[in-house]
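Trainee: quick one: sequence plus predicted model below, questions after.
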Amino acid sequence: MVRIVGFKQREKEDGTSFFILELQGGIEMTLSKETGQFYATAKKAYVTSTFDEQTCKALVGSEMPGSIQKKEVEPYNYVIQETGEELVLQHRWVFVPESDNTARQEKLVDQLMADNYIFSRNGVSDLAHQAI
């Protein structure tokens with residue numbers, strides 16, 4: 001599940017405005033490479049919307065089934081606002097609806113089951129049975 005935690009107004013190239021929703025996943029514990037200590041964090045992603053400001057305000061706090069996942073993209077520059085440090089990133093965090101996650105998981109299970117000869121029966125693989 002992800003939660004809508006905010007929204008922001010943006011402008012299109014033609015000058016018209018629209019709103020994006022800020023989504024946040026559940027809490028995760030991450031180990032700091034610098035200190036060796038765990039810290040709490042949550043992944044965030046932004047999705048465009050067709051909603052007006054009033055609707056966006058009303059949606060804050062709502063939950064949606066899905067997750068925020070890392071997606072590889074073409075390299076781009078990113079500046080950390082607090083320090084001014086510029087980084088080159090090759091990923092973005094994107095929202096993936098639960099139905100997409102479920103379909104991917106089912107496809108993976110189907111692929112594994114199609115290759116069921118790799119599984120053993122009583123400690124002897126099917127490949128060994130075929131050789132006999």
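Mentor: Perfect, I can see it now.
Trainee: just the C-alphas of the longest strand anywhere in the chain, formatted as CSV.
Mentor: For the chain, the longest strand by residue count, based on DSSP state E, is strand 66-79. The C-alpha coordinates for strand 66-79 follow below in CSV (Å, rounded to 0.1, in the frame of the first residue of the first chain):
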residue,chain,number,x,y,z
GLY,A,66,0.5,-0.9,-5.0
SER,A,67,4.2,-0.2,-4.3
ILE,A,68,7.0,2.2,-5.2
GLN,A,69,9.7,0.5,-7.2
LYS,A,70,13.0,1.5,-8.7
LYS,A,71,13.1,1.9,-12.5
GLU,A,72,16.3,2.2,-14.5
VAL,A,73,16.2,5.3,-16.8
GLU,A,74,18.7,7.3,-18.9
PRO,A,75,21.2,9.1,-16.8
TYR,A,76,20.2,12.6,-15.6
ASN,A,77,21.6,15.2,-13.2
TYR,A,78,20.2,15.7,-9.8
VAL,A,79,21.1,18.5,-7.3
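Trainee: which ones are touching the residue most central in space within the chain?
Mentor: Compute the mean C-alpha point of the chain, and by C-alpha atoms, centre = their mean the closest residue is Q69, 1.7 Å away. Neighbouring residues of Q69 by C-beta atoms under 8 Å, 6 or more residues apart in numbering: 93-94, 96. All C-beta atoms are positioned from the backbone trio N, CA, C, and that covers glycine.
Trainee: do the same with K71
Mentor: By C-beta under 8 Å, 6+ apart, the contact set of K71 is 91-94.
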